[in-house]
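>>> 3D, please:
(chains A, B and C)
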Amino acid sequence: MGNKRYLNFQGYSFMMPALLAILFFTIVPVVYAFFMMFYKVDILSGARTFIGLDNFRKIFEDPKFWASFTNTFRYVLVVVPIQTMIAMALAALLNSKINFSRGFLMIMFIPTLTSSSAMTLIFMWLFNNNGLMANVIEQLFGTKVEFLTNPSLVLTVIMAMNIFSTVPHFMVVFLSGLQDIPESLYEAASLDGANSFKKFLHVTVPQLMPITFYVITMGLVGCFQIFDQAFILSGGTGGPQNSTLTFSLYIYQLAFTSNDMGRATALAFVLGTIIFAVTYIVNKLLKADEVNG
Amino acid sequence: MIRMKKNNKKLKIIVYTLLIIYSIFTLAPFLWSILTSFKTTAEIAAGGTIFPESWSLKGYETVLASQLPTWVVNSLLVALLTTGINLIFNTMAGYALARIDFKGRHVLFSMLLALIMIPSQVTMIPLYIVVAKLGLVDTHWSIILTTMINIGYIFMMRQFFVNFPRDVEEAATMDGLSKMGTFFRIVLPNAKAAVATQAVFVFMGVWNEFMKPLLFISSPDKYMLTQGLNSLAKAYKTATQWDVIMAGALISIIPIFIIYIVLNKYFITSNDQTAGVK
Amino acid sequence: MKKIAAFALATSLLLGVTACSSGDSTKTTVKDDTITLAVWGSSPAETKGLETTVKSFEKSTGKNVKIEVIQDNFQDALTARFAAKNAPDVFYMESFAAPKFIKSGVLADISNDVKNQDDFYQPLLNSFKDKEGKLYAVPKDYSTLALYVNTDLLEKAGYTMADVPSDWEGLLNFSKTLQGKLTKDQAAMVFDTSMARHMSSLIASGLDPVTAEGKADFTSSPKALDYLQSLIDGHKEGYLKNAKIDLGVDWAGAAFGTNKAVMMIEGNWVLSALKTDYPTVKYEALEAPTVNGNKETMTFTVGYAISKDSKHKKTATEFINYMTGDGQKQWSELSGTFPTRQSVADAMKLDEDKVLKAHIEGAKYGTVWSSGVNLPVISGAFDNQFLAALNGDKTVNDAMKAAEKEANDEIARQE
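As a prediction, the model looks like this:
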């Protein structure tokens, strides 16, 4: 019993500095926002009237909510699996006892360092209707593809942009996870006659599970909250025809264009719940909990 | 044996080809940014050229003629301090969540995860209110204190420690070290890769932070670097000065790049060690 | 690793001390008679103009002004400061956003404090009034749209300025013929897809997109739909191009400056960019084209507003009176913006410059970009749906019906 108490004391003293900071600078703002969702709020003057759950009714009957719902889910479904797999594969390749691995790592990390304004400019230059991509496709196939005006393609451009800049980030995370896998596990597999691919599948993947859980969860959070690229490409409108309207962009519009902070926070909590539920389901499916201790 | 080697060779060729292709793919935008920084805004807007028609230094001149040194110092102060605090506290919290069996840790962990799922668009204004109430507006403390902890990296460290070999710790406990002692003397030195990864990410995050400086800091002599560079590039309401943006972006990458090079050796360690054995 | 950790900790503590001391130094500099002025970042000329004029004010009154520059997302930052009851004493206020602030009741009523109000261009002043006619901000400068023509490209195609028509329909036909003499990556005219640029044309076509009740109306005038259709047709045939979508540059001025467009309808803010970034391009400016025989252009104005809770209201009032009164000539001359007072405009003889004249004339009949508290929602719906008509997914009629519904549903939800 004494030991248990000792552990409790230890645990909370390790957590204390983090918890204090989180209390002041995360929980207080979140609680403040939490109460706003039951009110009609004029954020400028601070005037508010209690309206119960009316903000939620308004959200669910708004076609824009459902548009952002579809867009964001499409976005998550495509981006999260692809970026996770590419990041893991690249990390494994870099870790496979090759020469110049640090050189490769250095180069591959660069997209994360390139400024987002440079990235936006490059993508605009590549994908505009007179740009490199459109022209190459026109010459090869004879059809003109309009990436930025076509509602079904513009989201794809944003997806590509995001995968491109997020992969190096998660690759580095995977890579440091790989450093912790004991060499003895690979040696044992070699003795059993496993080839490189089998070793990857039976040693690397299961050993990386906790890190994969992290990468997928953060990937889900990041993708569900995608804002910058959609904001820049559509000029904040979410157009054409709501095709770039994501949850976060819609929240932003409600808060700052419609001046309806109550509804914006209500939607934020709807989004938070969705992310939490999806993360939970995904990780149940991947059985990540078993290795999570 | 010979066949095995041949297979290995083939595999290596595939691996190298994949890595080289992906490297070119990622290097291209960066090289393009460097070349672009030497073009005039007019040439950038016209597009079509790869190398600058005439190497223009206007972008760099604009950046260097500004209060750049002050902004670099501000950003370095804030980013280094914040990174230091983050490394210690995030790692401690992550370690506790993974390795100390205290009451309520699963609930606590789920709660922390839930907190990062609330989008920042709605917590930004309440956060500003907190900062204003504490009298921190227009001080660097506003940024340091609000970014001193990052739940995402607590989570990352927890996941690293889940797999951390138990025998090392147990030996330390046997030797009579307390949990704190074990953590600082045994665990931390053995988690170099994870801590280095976190250091790069935290530093980069603070260095590139956009919204917080914008809201919290209003005096030009207290600007963070990105904020200052933004003020130069957005000088004309609708017209962005791309040469200034590119030059500024490249200058601002340098410190991150240095830190990254310094810490790079921790990212791939086992590889070199085994290569040495061979 | 230990070394790194130790180093990090040591620097942290060291820096902590310096950061702390730098934090305290500000409090001493703010005196009782000092007001804070929040502005957004602007061109070097405007920055210099503001600093110099503020200094003249300080000199003539002995009061102090602390200028705070918010680089980006000005509205968001200002909103946060109001929410935290930490608003600046005086701040820039766009006519577009003014109704929201007026409705929230956070601006000081300055109806009786601004001197000589008849001298201002009245449409500018009116955009800062509420329904009862109370005044909440005083215009500091304004911009209007004009038709810019790249004379080099025009002459190369075999035309002169005299050939450029002054009405919208004629301009379209002219663009069509002109496009035949240009390359594929050039545009006879660049156009913008947002409502902020087309509201005056819609009004000239008999459609006020914002009804008297503050609702959206995009469909009641067939003529207005025809006007929008003319943009769609021009884009389809390629003589109207959008800078971002078709030419891959971030704004019309860049397309114009790099000889990718012969004509553009833009505000006088392009002048400083053309001068610094594209000094070789030769151009002239004409008044914006007439639509259905009506003179029209958009006017954009920014004013000074005072926070209702300001503790230095007297100094603040004195300040905005100076900046839009005695100091206005100095400000306008240095910044290159247009004065909002008729008397100052006359004194500066701006209409002797041909390019500026095209803009100044516009101020007489221009539509100010401001129309009640619902305009952001209404124009947002337009911008979103108009793109659907542009890419051919919807007819103009259907797109505008959808925009109208989208806006009015949202307005209903806000009530």
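>>> C:Thr276 and C:Thr160: what is the separation?
28 Å (C-beta to C-beta, to the nearest Å). C-betas here are computed from N, CA, C, even on glycine.
>>> who's more crowded, these two?
Shown here are C:Thr276 and C:Thr160; by other C-beta atoms under 10 Å in any protein chain shown, C:Thr276 has more neighbours (18 against 9).
>>> Make sure that one is indeed in a strand.
No - using DSSP: H, G, I helix; E, B strand; the rest coil, the assignment for C:Thr276 is helix, not a strand.
>>> tell me the contacts of the residue lying closest to B:Met156 once chain neighbours are set aside?
Distances taken as C-beta to C-beta, 6 or more residues apart in numbering or on different chains put A:Tyr214 closest to B:Met156, at 5.4 Å, once the chain neighbours are dropped. Contacts for A:Tyr214 (C-beta atoms under 8 Å, 6 or more residues apart in numbering or on different chains) come out as A:173, B:155-156, B:159.
>>> Need the max-distance pair from those.
Among those, the pair separated by the greatest distance (C-beta to C-beta) is A:Val173 and B:Phe155, at 11.0 Å.
>>> These two: which is more packed in?
Using other C-beta under 10 Å as the criterion, A:Val173 and B:Phe155 rank with A:Val173 on top: 27 against 22.
>>> wait, that one sits on B:Thr197?
Yes - between A:Val173 and B:Thr197 there is a contact at 6.1 Å, judged by C-beta atoms under 8 Å.
>>> Any figure for the gap between the residue in the stretch 101-250 of chain B positioned nearest to chain A and chain C?
Of all residues in the stretch 101-250 of chain B, the one sitting closest to chain A is B:Phe102 (2.6 Å; C-beta to the nearest C-beta). Separation of B:Phe102 from chain C (C-beta to the nearest C-beta, to the nearest Å) stands at 24 Å.
>>> to the chain's geometric centre, what's the distance from stretch A:270-280?
13 Å (C-alpha atoms, centre = their mean, to the nearest Å).
>>> pLDDT on it, on average?
If you average the pLDDT over stretch A:270-280, you get 94.
>>> That one close to chain B?
Yes - shown here: stretch A:270-280 in contact with chain B (C-beta under 8 Å from any C-beta of the partner chain) through A:271-272, A:275-276, A:279.
>>> Which secondary structure element is home to C:Val262?
strand C:261-267 (DSSP states H and E).
>>> Strand partners (parallel or antiparallel) of that strand?
Next to strand C:261-267 in the sheet, as set by DSSP bridges, lie strand C:137-150 (antiparallel), strand C:187-190 (parallel).
>>> Now the helix or strand following the first one: buried residues?
Going down the chain from strand C:137-150, the next helix or strand is helix C:151-156, by DSSP H and E. Residues of helix C:151-156 classed as buried by neighbour count (16 or more other C-beta atoms under 10 Å in any protein chain shown): C:151, C:153-154.
>>> what's the closest of the residues you listed to B:Leu112?
Distances from B:Leu112 to the buried residues of helix C:151-156, taken by C-beta to C-beta, are shortest for C:Leu153, at 60.4 Å.
>>> Please look at that closest one and C:Met264 and confirm they touch.
No - contact criterion C-beta under 8 Å: C:Leu153 and C:Met264 do not qualify, at 11.6 Å.
>>> can you list the domain ranges for chain C.
C:33-142+C:299-366, C:144-298+C:371-414 (automatic domain parsing).
>>> So what's the gap between stretch C:202-209 and the chain middle?
20 Å.
>>> Now do the end-to-end distance for that stretch.
Start-to-end span of stretch C:202-209 (C-alpha to C-alpha, to the nearest Å) is 7 Å.
>>> Likewise for stretch A:223-242?
17 Å.
>>> Could you give me the buried positions within it?
Per 16+ other C-beta under 10 Å, stretch A:223-242 contains these buried residues: A:223-234, A:236-242.
>>> Could you do stretch C:407-415 as well?
C:407-411, C:413-414.
>>> Pipe those residues into JSON lines and attach secondary structure and pLDDT per row.
JSON lines is the format used below for the buried residues of stretch C:407-415 (DSSP: H, G, I helix; E, B strand; the rest coil; pLDDT from 0 to 100):
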{"residue": "C:Ala407", "secondary structure": "helix", "pLDDT": "95"}
{"residue": "C:Asn408", "secondary structure": "helix", "pLDDT": "96"}
{"residue": "C:Asp409", "secondary structure": "helix", "pLDDT": "94"}
{"residue": "C:Glu410", "secondary structure": "helix", "pLDDT": "93"}
{"residue": "C:Ile411", "secondary structure": "helix", "pLDDT": "93"}
{"residue": "C:Arg413", "secondary structure": "helix", "pLDDT": "90"}
{"residue": "C:Gln414", "secondary structure": "helix", "pLDDT": "86"}
